[in-house]
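*Asks:* Predicted coordinates and the sequence they were generated for:
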Amino acid sequence: MKLKITKTKKTSILYVQKAYRDKNGKSTSRIHERLGTLEEVRQRCGDRDPVEWAREYIARLTAQEKEGRQVIISRLSPTKLIEKGEAQSCESGYLFLKRLYHKVGMDRICEAISRKHKFDFDFNKVLELMVYERLLRPASKLGNYRRSGSYIEPFDIEKQHIYRSLDILDRHGEYIQKRLFLNSSKVVERDTTVMYYDCTNYFFERESADPDYVTDKKGNVHERIRKYGVSKEHRPNPIVQMGMFIDNSGMPVAMCINPGNANEQTTLIPTEKIIVEKMGVSKIVVCTDGGLSSEGNRSYNSTAERSFITVQSIKKLEDNLRDWCLEPTGWKLVKSDTVQKDKRYRDADEDELEFDLTDADTARYYGDRTFYRERWIVNEKTKFSQRLIVTFSYKYRDYLRFLRQREIDKADSNARGNRTLTKSYKSPDRFLSETYATEDGEVAVFRTVTLNLDAISEEEKYDGFYAICTDLSDNVTKIIELNHNRWESEDAFRVIKTDFKGRPVFVWTAEHIRAHFIVCFITLLLFRIMEKELNYKYTSSAIIEKLRSMTMNIVKGEGYKPNFTRDDLTDDLHAKAGFRLDTEIVTRQKIKQIIANIKKG
């Protein structure tokens, strides 16, 4: 800052002038403070020379500015219009994600990839923008480009750079996943002893599926993956399928994208090989749901170093095993901290007790406990052996019967309304049967719809039972607990679909679709690290909403004024990040220092 003196006919006016660079990097200046006329300054400085006093005052302001203690005075006019096309606010919540982006070395990964290609643009800048946008303002790639100037540090990129970057992301997808896993393991503690694999699918807003392959004008053949399949959201649109491994810390490890009509069971082993062969994780317990539990997948993970835990459908077991699962006698209690309520067994060892599920006292005293029985089973053809564990819970039984009763009521209403039946195994109409007969009882055109009590009874006998298969010899309580944590993978898909708005997908080539989900994968990993740093104190939705609300008003030539509400969450975010954006104003110099420190990793 320096002194500026403007002379008039009658007197001279003293100003504090401050130099700064505009958004284009051009050096300019503005009036920081009006000190007054010579007479007004004399009233402030007494017998001292007004100009000398003014220079000393400006020197103190400059020193305070360097120390970050100066008071900012903003001169605003109620009559002066703002500049056309000049943003008045910007995103600042992304800086918390940027810190983690550099901490896991994503910038170094991009640099390594860039060295293999002759880029005329900054690949890292493009990826940064797509990651931040996916969390803060999820939209199409074109939408990302249009918002590239909405940040404290504008992303100077062109539209075609985004689409070129998608091709590069797809080409190096496995490399990025490997490096992210290795780098993030140095940032936060990751438990890879157990991994959860699950699949979901994402829809496209189009009415027809792609052909398997297309040929471009140059004769190059390209794969297409938007296919009709069983949509998790029951939509009639084409879909693609995503498989993802989540570790026992709830963080993503590896992912794959497949055509929408692919068999989920065939996707596990290729994705797991990325973890075993490229990431060097050999000792794993792989936990999956029933839809992914083919014997081939179980056999692949039944080795000296790998094991499996998978959900087993009781209905699909052989008759003798199914009958064994549903037997009412010979059940034991899963260990629990619950106080023994049955006086008969207060001094007994629970491990030695066996119970009859049809006994009224069992339901009375152990209605809130879980029972189990187990045995080893062998496939006579393949000689593959596994441990079958069946659990039973009265609470789970009652819950299923409550849900079924609502479906039965709906089915009964459909029957009385003589409506056309929906042929679906999940529809309430599965409890209905229809016959066609004449008044004399012969087969004819008259239609009668009634409740199928046999179908209801058949389904009801499985209520409360739940089975899993494993090759582990650990105690039952531990295995049940590990299987229960499969919700981690379901929650990861929920965040991508709902919070990150990962669907519908707005790109259409196989390469760009896979790259889109790599961006989602990177964003999810950074977000999970953020949650862990905050000790899981806040819900994912609360954190995302707060980051989205953290914008700042631009004080021209001075800095940025927070435009968000400070609360416990913002305090915790700042405490973990090591910088603050919640002072009354954050100077331009301070922001530059924050960004420079972030880039150091």
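*Replies:* Perfect, I can see it now. Numbers count the residues shown, from 1 in each chain.
*Asks:* Please count neighbours and contacts with C-alpha atoms only from this point.
*Replies:* OK.
*Asks:* what's the helix or strand hosting residue 392 packed up against?
*Replies:* Remark: residue 392 resides in strand 385-393, with elements defined by DSSP states H and E. On a contact count with 3 or more Cα pairs under 8 Å, 6 or more residues apart in numbering; DSSP states H and E, strand 385-393 meets strand 370-378, strand 465-470.
*Asks:* With distance to residue 410 and mean pLDDT as added columns, please give those strands in TSV.
*Replies:* Shown next, in TSV, are these (distance: least, Cα to Cα, whole Å; pLDDT from 0 to 100):
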stretch	distance to residue 410	mean pLDDT
strand 370-378	31	94
strand 465-470	25	96
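*Asks:* Which one of the ones you listed lies nearest to residue 283?
*Replies:* Of all those, it is strand 465-470 that lies closest to residue 283, at 15.3 Å by Cα to Cα.
*Asks:* list the buried ones in the closest one?
*Replies:* Using 16 or more other Cα atoms under 10 Å as the burial criterion, the residues of strand 465-470 that qualify are 465, 466, 467, 468, 469, 470.
*Asks:* Also stretch 81-94?
*Replies:* So, applying 16+ other Cα under 10 Å, buried residues of stretch 81-94: 89, 90, 91, 92, 93, 94.
*Asks:* Tell me what the spatially closest residue to the first one that is not a sequence neighbour is bridged to.
*Replies:* In this case it means residue 89. Once flanking residues are discounted, residue 89 sits nearest to residue 553: 4.2 Å by Cα to Cα, 6 or more residues apart in numbering. Per DSSP bridges, the residues bridged to residue 553 are residue 89, residue 561.
*Asks:* For residue 553, which residues are in contact?
*Replies:* Contacts for residue 553 (Cα atoms under 8 Å, 6 or more residues apart in numbering) come out as 88, 89, 90, 560, 561, 562, 563.
*Asks:* Same check on residue 286?
*Replies:* By Cα under 8 Å, 6+ apart, the neighbours of residue 286 are 194, 195, 196, 197, 301, 306, 307, 308, 309.
*Asks:* Checking my notes, it in a strand, right?
*Replies:* Yes - assessed by DSSP: H, G, I helix; E, B strand; the rest coil, residue 286 belongs to a strand.
*Asks:* Just grab the bridge partners of it for me.
*Replies:* Residues in a beta bridge with residue 286, per DSSP bridges, are residue 195, residue 308.
*Asks:* With residue 151 instead?
*Replies:* Applying DSSP bridges, one finds that residue 151 bridges with residue 91.
*Asks:* begin at 836 from here
*Replies:* Done: numbering now begins at 836, and the last item shifts to residue 986.
*Asks:* Return the distance of it relative to residue 927.
*Replies:* Per Cα to Cα, to the nearest Å, residue 986 is found 7 Å from residue 927.
*Asks:* how about the buried residues of stretch 916-929 in CSV, adding pLDDT and distance to residue 1290?
*Replies:* Below are the buried residues of stretch 916-929 laid out as CSV (pLDDT from 0 to 100; distance: Cα to Cα, whole Å):
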residue, pLDDT, distance to residue 1290
924, 91, 62
925, 93, 61
926, 94, 58
927, 95, 58
928, 95, 55
929, 96, 55
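*Asks:* returning to what we had before: biggest separation within the contacts of residue 1388, which pair?
*Replies:* Pairwise distances across the contacts of residue 1388 (Cα to Cα) peak at 12.2 Å, for the pair 923 and 1397.
*Asks:* how is this protein carved up into domains?
*Replies:* Domain assignment for the chain by automatic domain parsing gives 837-902, 924-1011+1366-1434, 1230-1295.
*Asks:* okay, and for the stretch 1286-1435 of the chain, where does confidence drop off?
*Replies:* Of all residues in the stretch 1286-1435 of the chain, none has pLDDT under 70.
*Asks:* On the strand side of things, show who residue 1056 bridges to.
*Replies:* Beta-bridge pairing of residue 1056 under DSSP bridges involves residue 1050.
*Asks:* Could you double-check that it sits in contact with residue 1047?
*Replies:* No - Residue 1056 lies out of contact with residue 1047 (Cα atoms under 8 Å); the separation is 10.2 Å.
*Asks:* just for the chain, where's the confidence low?
*Replies:* Looking at the chain by pLDDT under 70, you get 858-860, 902-909, 1173-1183, 1272-1281.
*Asks:* got the contact list for the residue nearest the centre of it?
*Replies:* By Cα atoms, centre = their mean, the mean C-alpha position of the chain lies nearest to residue 1330, the distance being 3.7 Å. Contacts for residue 1330 (Cα under 8 Å, 6+ apart) come out as 1359, 1375.
*Asks:* doesn't it fall inside a helix?
*Replies:* Yes - according to three-state DSSP, residue 1330 belongs to a helix.
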